[in-house]
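**Student:** Got a predicted model here, sequence first, then my questions.
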Amino acid sequence: MTVQASVSSTGPVHGLEIVVNGAVVAAETAPDGSSGLRLEAPVELSQSSWVAARCTTRHVIRMAFPTAVAAHTSPVWVHCGDGELLKRADAEVLLALIEGGREWMRSLAVTEDAADRERFVEFFRSARARLQRRLDAAG
């Protein structure tokens, strides 16, 4: 299949990537930065996979710690044959990340008020429960 991605930005963009299951499969770069990049590439899938695009910059914002400015699309899930989209190892990592986010929100995050905190904690709890149900259903 052919995957297309593009980015337009008010600040310089230095890279645009197509990502399949976490691995970069195609990339376009602008070493001096650009206000926009476009990428079109053939992508071979041998199994059910997720496909996304991300752009990168060399810009760093300094808050509690230096953080690179970047953007990542939501994944597009591609189902190939009878292949399962949900891999147990990936789901277990996501469950741990969700639990870590819930615990951070519950104990450390700064929120407007207690109701906001509880709303976010519930969001993490709900996400974890949904993913766990999918994992249980997959066997």
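**Tutor:** Nice, thanks for sending it over. Since we're looking at a predicted model, the values are computed, not measured.
**Student:** Report all helices and strands that the lowest-mean-pLDDT helix or strand in the chain contacts.
**Tutor:** Lowest by mean pLDDT, DSSP states H and E among the helices and strands of the chain is strand 66-72, with a mean of 88. Under the contact definition 3 or more CB pairs under 8 Å, 6 or more residues apart in numbering; DSSP states H and E, strand 66-72 sits against strand 2-20, strand 49-62. C-beta here means a position set from N, CA and C on the backbone, and glycine is covered the same way.
**Student:** So which residues make contact with stretch 103-122?
**Tutor:** Under the contact criterion CB atoms under 8 Å, 6 or more residues apart in numbering, stretch 103-122 has outside partners 102, 124.
**Student:** okay, how far is it across it, tip to tip?
**Tutor:** The first and last residues of stretch 103-122 sit 11 Å apart, counting by CA to CA, to the nearest Å.
**Student:** Tell me where this structure is predicted with low confidence.
**Tutor:** 83-84 (pLDDT under 70).
**Student:** which phi and psi does A64 have?
**Tutor:** Backbone torsions of A64, given as degrees, to the nearest 10, read phi -70, psi -30.
**Student:** got JSON lines for the helices and strands packed on strand 66-72, with distance to D116 too?
**Tutor:** As requested, those are exported to JSON lines (distance: least, CB to CB, whole Å):
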{"stretch": "strand 2-20", "distance to D116": "30"}
{"stretch": "strand 49-62", "distance to D116": "24"}
